[in-house]
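Student: I'd like to go over a predicted model; first the sequence, then the structure.
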Amino acid sequence: MKVTKHVQTYRRIYQRTVNFMMPLIYTVMFTYVWYNHLNSVIHGFVNKGNLLIILMYFIINYVALKLWNAFGIGMHKLVNVVVSQAMGVLFGNMGTYVELVLVGAHIDFLMTVFIHMAWLTLAQWVVALIVPYFFNLIYINIFPPHKILQINGDYDNDLSEKIKSREDRYQVCEEISIHEPWEVIEKKMRSYRAVLLNDLDAHEQVKIIKYCYAHSIRLYFTPKISDIIIKGSDTINYFDSPLFVNRNIGLTIEQRIIKRTLDIIISLLGLIVATPIMLVTAICIKAYDRGPVFYLQERTTFRGKNFWMIKFRSMIENAEADGRANPASNDDERITPVGRFIRKTRIDELPQLINILKGDMSIVGPRPERVEHMEKYAEVVPEFDYRLKVKGGLTGYAQVYGKYNTTPLDKLKMDLMYIINYSLLLDIQIFFETVKVIFRSESTEGFSKKQKDAMDEIEISDTEKK
């Protein structure tokens, strides 16, 4: 296990070095532009003044990259890292532009700074396309994927297939049932650097968690709903015994006021900015088949309230003529050519800015489900109503980290992680992460026939042991 500890230490050192190197590279590029083009326009900055401007650029750039979750070499898919780097640099340069304009304080300076910062951004985007690739290549060659022993409970799911989608990080080398004798399981665990627990009951899971902690074995496990709720506990130190408290109230009144204020501001600005896109989209939908531009769906949100969600129509008219909720599948023939594009780019969701302005929804929150789906999911996963402790959102935790066809129980778990760990910073991070979802083809992956059949039979594949 000492080797494992050293490997993990080196892995963290490499990642943190890269996390420092990327903003440093961008800062070096800015330094060149500053000394050769911008400083001479402002006049008066010398020595420590120049260093302060450069230091401020590094800090602004680092914070922007952090907000865009751009420090993911070896953890996130390369395309996500590249997009995060590009967006982080863009927003970092926008912040620096505002700073320099305020320092310059004259109109002639505005365009000069804009031109040079625009060229700098383009050059940095080229770097963002190339450099992370080499850092990631080095990481893959130095640090092989974690070799994992998977211990399975009674439930049959597709966790192994999900793990295989990231073979650059994880490799399930062997699977074993929890019903094997403890001596066999213990021997197997000692021969691996990491263990994955797949749907074990509480007693079995706790036993293995303690064993792995005692023997410094890396442990992964699929959390139960109760695990996620407990994770949001606060510690009370009033006595000589540790005490946890779960307040279980959702958002506080202060958080709701701040969240609603931001929803109004952002939705208003969003509608102004998106109006040209929405007009073009409406024209394209109308021109294709002369049908209605918008599509209304009844959805459920905060405290079980129902409302009509507004979307651009992406399917043929009367796509659900039989009156049944029929989720889109891969290569669904009901989706129009225009609809396929606006679904992939999320343009079909833009009219929901009106719902947000009205107060039906929030910018960030659990995605409001259709009324029919809520009733169906709740029959098998009664806890699905826990998502209604906060207002539904245009985007959310499950939309950023899940897919269109993510199972209801997994959606519930991800949304609970958002509710339990809510903060304004988390909202900001999810908002930024949403932009990257457009570049992930799997995020719009439709329901398979097996999943749709399961929904029709109310047999949700992720039923959890309570």
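Tutor: Thanks, I have it.
Student: Residue 16: how many residues sit nearby?
Tutor: When neighbours are counted by other CB atoms under 10 Å, residue 16 registers 11. (Glycine included, C-beta is placed from N, CA and C.)
Student: same question but for residue 336, I mixed them up
Tutor: 21.
Student: Tell me, please, where in the stretch 301-450 of the chain the pLDDT is lower than the cut-off.
Tutor: By pLDDT under 70, the low-scoring segments of the stretch 301-450 of the chain are 321-331, 404, 438-450.
Student: Now do the helices in it.
Tutor: 337-344, 352-358, 371-380, 397-401, 408-420, 424-437, 449-456 (DSSP state H, counting those that start in this stretch).
Student: mind saving the C-alpha coords of the longest one as CSV?
Tutor: Yep, that's helix 424-437 we're talking about. Taking C-alpha atoms only, helix 424-437 is exported to CSV below (Å, rounded to 0.1, in the frame of the first residue of the first chain):
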residue,chain,number,x,y,z
LEU,A,424,-24.6,30.7,-4.4
LEU,A,425,-21.2,29.5,-5.5
LEU,A,426,-22.6,26.1,-6.5
ASP,A,427,-25.3,27.9,-8.6
ILE,A,428,-22.6,29.9,-10.3
GLN,A,429,-20.5,26.8,-11.0
ILE,A,430,-23.5,24.9,-12.4
PHE,A,431,-24.4,27.9,-14.6
PHE,A,432,-20.9,28.0,-16.1
GLU,A,433,-20.8,24.2,-16.5
THR,A,434,-24.1,24.2,-18.5
VAL,A,435,-22.3,25.9,-21.4
LYS,A,436,-20.0,22.8,-21.7
VAL,A,437,-22.9,20.4,-21.8
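Student: From the contact counts, what lies against that helix?
Tutor: Here helix 424-437 touches helix 48-67, helix 78-104, helix 253-289, strand 362-364, strand 393-395, helix 397-401, going by 3 or more CB pairs under 8 Å, 6 or more residues apart in numbering; DSSP states H and E.
Student: So which elements touch the second one?
Tutor: Same thing as helix 78-104. helix 2-33, helix 39-42, helix 48-67, helix 107-142, helix 424-437.
Student: Could you list the buried residues of that helix?
Tutor: Going by neighbour count (16 or more other CB atoms under 10 Å), the buried part of helix 78-104 is 78, 80-93, 95-97, 100-101, 103-104.
Student: go on, the longest one?
Tutor: Taking 16+ other CB under 10 Å as the neighbour-count basis, helix 253-289 is seen to contain the buried residues 259, 262-263, 266-267, 270-271, 278, 281, 284-285.
Student: any idea of the angle that helix forms with helix 337-344?
Tutor: Calculated by axes from the mean of the first three to the mean of the last three CA atoms, to 10 degrees, helix 253-289 forms an angle of 160 degrees with helix 337-344.
Student: now helix 253-289: how far from the chain's centre is it?
Tutor: Remark: helix 253-289 is offset 21 Å from the chain centroid, using CA atoms, centre = their mean, to the nearest Å.
Student: ok, then the element right after it?
Tutor: As assigned by DSSP states H and E, the chain's next helix or strand after helix 253-289 is strand 294-300.
Student: Next, the contact list for the residue most central in space within the chain, please.
Tutor: The residue lying closest to the centre of the chain (CA atoms, centre = their mean) is residue 400, at 3.2 Å. Neighbouring residues of residue 400 by CB atoms under 8 Å, 6 or more residues apart in numbering: 430, 433-434, 436-437.
Student: Considering those, which possesses the most neighbours?
Tutor: residue 436 (23 neighbours).
Student: could you list every residue that touches that residue?
Tutor: 68, 80, 83-84, 87, 400.
Student: make it 10 Å
Tutor: 68-70, 76-77, 79-84, 86-87, 400, 443 (CB atoms under 10 Å, 6 or more residues apart in numbering).
Student: and if you look at residue 148?
Tutor: Shown in contact with residue 148 (CB under 10 Å, 6+ apart): 163, 170-175, 192-196, 218, 220.
Student: I'd like those as JSON lines, with secondary structure, pLDDT and neighbour count appended.
Tutor: Below are the contacts of residue 148 laid out as JSON lines (DSSP: H, G, I helix; E, B strand; the rest coil; pLDDT from 0 to 100; neighbours: other CB atoms under 10 Å):
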{"residue": "163", "secondary structure": "helix", "pLDDT": "86", "neighbour count": "19"}
{"residue": "170", "secondary structure": "strand", "pLDDT": "90", "neighbour count": "18"}
{"residue": "171", "secondary structure": "strand", "pLDDT": "90", "neighbour count": "15"}
{"residue": "172", "secondary structure": "strand", "pLDDT": "91", "neighbour count": "19"}
{"residue": "173", "secondary structure": "strand", "pLDDT": "91", "neighbour count": "13"}
{"residue": "174", "secondary structure": "strand", "pLDDT": "92", "neighbour count": "12"}
{"residue": "175", "secondary structure": "strand", "pLDDT": "92", "neighbour count": "14"}
{"residue": "192", "secondary structure": "coil", "pLDDT": "93", "neighbour count": "18"}
{"residue": "193", "secondary structure": "coil", "pLDDT": "88", "neighbour count": "17"}
{"residue": "194", "secondary structure": "strand", "pLDDT": "93", "neighbour count": "21"}
{"residue": "195", "secondary structure": "strand", "pLDDT": "95", "neighbour count": "22"}
{"residue": "196", "secondary structure": "strand", "pLDDT": "95", "neighbour count": "22"}
{"residue": "218", "secondary structure": "strand", "pLDDT": "92", "neighbour count": "15"}
{"residue": "220", "secondary structure": "strand", "pLDDT": "94", "neighbour count": "16"}
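Student: nearest to residue 17, of those residues?
Tutor: Nearest to residue 17 among the contacts of residue 148: residue 218, at 21.6 Å, using CB to CB.
Student: Flag the shaky bits of the stretch 51-200 of the chain, pLDDT-wise.
Tutor: For the stretch 51-200 of the chain, applying pLDDT under 70 flags the ranges 104-108.
Student: Show me the one of the helices and strands packed on helix 78-104 that comes nearest residue 315.
Tutor: That would be helix 424-437 among these, by CB to CB, at 20.7 Å.
Student: Which residues are in contact with the nearest residue to residue 175 once chain neighbours are set aside?
Tutor: For residue 175, ignoring the flanking residues on the chain, the nearest one in space by CB to CB, 6 or more residues apart in numbering is residue 150 at 4.5 Å. Contacts for residue 150 (CB under 10 Å, 6+ apart) come out as 159-160, 163, 170, 172-176, 192, 194-198, 220.
Student: Spell out the secondary structure type for residue 150.
Tutor: At residue 150, secondary structure determined by DSSP: H, G, I helix; E, B strand; the rest coil is strand.
Student: For it, give the beta-bridge partners.
Tutor: With DSSP bridges as the criterion, residue 150 is bridged to residue 175, residue 196.
Student: Give me the distance between the nearest residue to residue 71 once chain neighbours are set aside and residue 135.
Tutor: Spatial nearest neighbour of residue 71, excluding adjacent residues (CB to CB, 6+ apart): residue 19 at 4.2 Å. Note on residue 19: its distance to residue 135, by CB to CB, to the nearest Å, is 10 Å.
Student: wait, which of the helices and strands packed on helix 424-437 is closest to residue 350?
Tutor: Comparing those by CB to CB, helix 253-289 comes nearest, at 5.2 Å.
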